[in-house]
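> this one's structure only:
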Ligand SMILES: Nc1ncnc2c1ncn2[C@@H]1O[C@H](COP(=O)(O)OP(=O)(O)OP(=O)(O)O)[C@@H](O)[C@H]1O
């Protein structure tokens, strides 16, 4: 299918988004978000930069905190106080008064080391105090969160935060990475047009670039705005948050929990067999069984939205476990005449099958995405050519701009 897109795609958010014109949320194409009818009030619990109001979502009424992030997104929910509560008291106070709190990504608590905070856009961390984390502090933090699963991840009930543990050889927890989870609105504008093709989309990107946050928003938009039956296979409860009632950030999408990470592929198939979804969303496709489950789901005509490990399309093509997601690669031996006609060697690499994900997006930065038509790009790369891609980014007015780019500099094959 030919992809025809406007070269200049204007996002629905006006450029100068400020707290005074936050009534924009009622204008944004997002019926699941509550409408703002009154001027926003500030609330001291979240700090003066937050606007708080009661909102309603499909299932429950929830408190909505809206805020504009540095890079122009609307942070709809940022339950950061819940994450701070599991930290030692002095760190809580430290971070309450931290002016860059809205850019806080992670807090690192390692036994016998100084606690550290990592902020968006800063390569290193920042020590939060001079004394080291004691065993008691680590134990307290541990008991304040839910149970750790087989993937050593836990959450805080009702929030999107993720706590990951590092264990000693004896199985004791000796380190915690506490990642702030946020419900963010605005990412989906980068690819809203692609969602209408009803074709599967695979997101790649380095850890922490924001893939899970995007999945969450896509789930809500597909369920609430495009009225699809969406099922999220939520392996470590990262998309829908901890607890049995999923976070309102996923809108009307349903969420299936996974008892063990190794069972992700089974739950994916179960989702399709039992719950008749039109869209299945799955984070972190990493095994051959999961890649096979994806193919089987796609073959049943269900749209998949997924993420995988890797930064570029080339990484997936070269990865024997995951290459099936983009069609797989096989070696073909050409006859002498054919090789001569093609001016190639007799042994060449070819794509094996149609890709499971017809679209592939490299999330290079939160605001800088490279979009591939997978089939065409894989063929071009295998033939040693540079594929035509679309670069989608935000300009300084926060509008989404799409550029066609014939000089793709991803990894060649
Ligand atoms: N637009 C945004 N504004 C503010 N914070 C954001 C935004 N997008 C993502 N984040 C934050 O960045 C951090 C990383 O995001 P996320 O977990 O979505 O990344 P990821 O690519 O899925 O990472 P991983 O591959 O390690 O799971 C989180 O703390 C998240 O809250």
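Looks like it came in fine. Predicted model, so just to flag it, every value in this text is computed and none were measured. Numbering: from 1, shown residues only.
> residues in contact with residue 300?
residue 272 (Cβ atoms under 8 Å, 6 or more residues apart in numbering). For every residue, glycine as well, the C-beta is placed using N, CA and C.
> mind checking pLDDT for residue 109?
pLDDT for residue 109: 97.
> and if you look at residue 92?
Note for residue 92: predicted pLDDT of 94.
> Quick check: it touching residue 85?
Yes: using Cβ atoms under 8 Å, residue 92 is in contact with residue 85, at 6.9 Å.
> Give me the phi and psi angles of residue 157.
Reported as degrees, to the nearest 10, the phi and psi values for residue 157 are phi -50, psi 130.
> From what I see, it and residue 146 are in contact.
Yes: applying Cβ under 8 Å, one finds residue 157 in contact with residue 146, separated by 6.2 Å.
> Find residues that contact each of those two.
With Cβ under 8 Å, 6+ apart as the test, residue 157 and residue 146 both reach 242-243.
> ranges for the helices of the stretch 201-350 of the chain?
Remark: helices assigned in the stretch 201-350 of the chain by DSSP state H, counting those that start in this stretch are 211-220, 264-275, 288-299, 313-318, 336-342.
> Residue 409: neighbouring residues, count only.
10 (other Cβ atoms under 10 Å).
> same check, this time on residue 216
With other Cβ under 10 Å as criterion, residue 216 counts 32.
> Isn't it up against residue 183?
Yes: contact criterion Cβ under 8 Å: residue 216 and residue 183 qualify, at 6.4 Å.
> what's the overlap in contacts for the two?
With Cβ under 8 Å, 6+ apart, residue 216 and residue 183 have common neighbours 160, 247, 249.
> which one of these sits closest to residue 166?
residue 160 (21.3 Å; Cβ to Cβ).
> what's the distance between that closest one and residue 151?
16 Å (Cβ to Cβ, to the nearest Å).
> Between those two, tell me which one has more neighbours.
Neighbours per residue (other Cβ under 10 Å) separate residue 160 from residue 151, with residue 160 holding more: 29 against 17.
> where does residue 102 fall, helix, sheet strand or coil?
helix (DSSP: H, G, I helix; E, B strand; the rest coil).
> count of neighbours near it?
With other Cβ under 10 Å as criterion, residue 102 counts 20.
> any idea which helix or strand of the chain has the worst average confidence?
Least confident helix or strand, the chain: helix 24-27 with a mean of 27, by mean pLDDT, DSSP states H and E.
> Let me have the shared contacts of residue 216 and residue 183 in TSV, extended by pLDDT.
Converted to TSV, the shared contacts of residue 216 and residue 183 look like this (pLDDT from 0 to 100):
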residue	pLDDT
160	94
247	94
249	94
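> tell me, how many neighbours does residue 270 end up with?
16.
> go on, residue 309?
Using other Cβ under 10 Å, residue 309 has 16 neighbouring residues.
> how close does the residue nearest to it when sequence neighbours are not counted get to residue 305?
Leaving out its chain neighbours, the residue that sits closest to residue 309 by Cβ to Cβ, 6 or more residues apart in numbering is residue 286, at 5.6 Å. Separation of residue 286 from residue 305 (Cβ to Cβ) stands at 16 Å.
> Same drill for those two, tell me which one is more crowded.
When residue 286 and residue 305 are compared for neighbours, residue 305 comes out ahead with 23 against 18, by other Cβ under 10 Å.
> which residues touch the more buried one?
Taking Cβ under 8 Å, 6+ apart, one finds 200-201, 203, 215, 218-219, 222, 279-282 in contact with residue 305.
> per-residue confidence for it?
Residue 305 is given a pLDDT of 98.
> Walking through the stretch 301-413 of the chain, point out its strands one by one.
303-308, 329-333, 347-351, 359-365, 368-373, 389-394, 400-405 (DSSP state E, counting those that start in this stretch).
> on that earlier part again, gap between the residue nearest to residue 309 and residue 378?
Taking Cβ to Cβ, one finds residue 286 at 20 Å from residue 378.
> So the chain: which segments form each domain?
Per automatic domain parsing, the domain ranges recorded for the chain read 19-80, 88-179, 185-405.
> Buried deepest among those domains, which one?
Of all these, domain 185-405 has the most neighbours on average by mean count of other Cβ atoms under 10 Å, namely a mean of 19.
> How about it and the ligand, any contact?
Yes: Domain 185-405 comes into contact with the ligand (Cβ under 6 Å from any ligand atom), by way of 205, 207-213, 366.
> And for stretch 96-113?
Yes: Stretch 96-113 is in contact with the ligand by Cβ under 6 Å from any ligand atom, via residue 105.
> I'd like to know how far the nearest residue to residue 375 once chain neighbours are set aside sits from residue 82.
Leaving aside its chain neighbours, residue 375 sits nearest to residue 355 (5.5 Å; criterion: Cβ to Cβ, 6+ apart). Using Cβ to Cβ, residue 355 is found at 40 Å from residue 82.
> Now the residue of the stretch 251-400 of the chain found nearest the ligand, what are its backbone angles?
Closest to the ligand within the stretch 251-400 of the chain is residue 366: 5.4 Å, counting by Cβ to the nearest ligand atom. Reported as degrees, to the nearest 10, the phi and psi values for residue 366 are phi -60, psi -30.
> wait, it sits on residue 206?
No: using Cβ under 8 Å, residue 366 is not in contact with residue 206, being 11.4 Å away.
> from the chain's centre, how far out does stretch 162-179 sit?
22 Å (Cα atoms, centre = their mean, to the nearest Å).
> Is the ligand within reach of it?
Yes: judged by Cβ under 6 Å from any ligand atom, stretch 162-179 comes into contact with the ligand at residue 179.
> Mind checking the pLDDT average for that stretch?
96.
> Can you give me the end-to-end span of that stretch?
Counting by Cα to Cα, to the nearest Å, you get 5 Å between the two ends of stretch 162-179.
> which residues touch that stretch?
So stretch 162-179 is contacted by 83, 86-87, 105-111, 138, 141-142, 145, 148, 152-156, 161, 181, 236, 238 (Cβ under 8 Å, 6+ apart).
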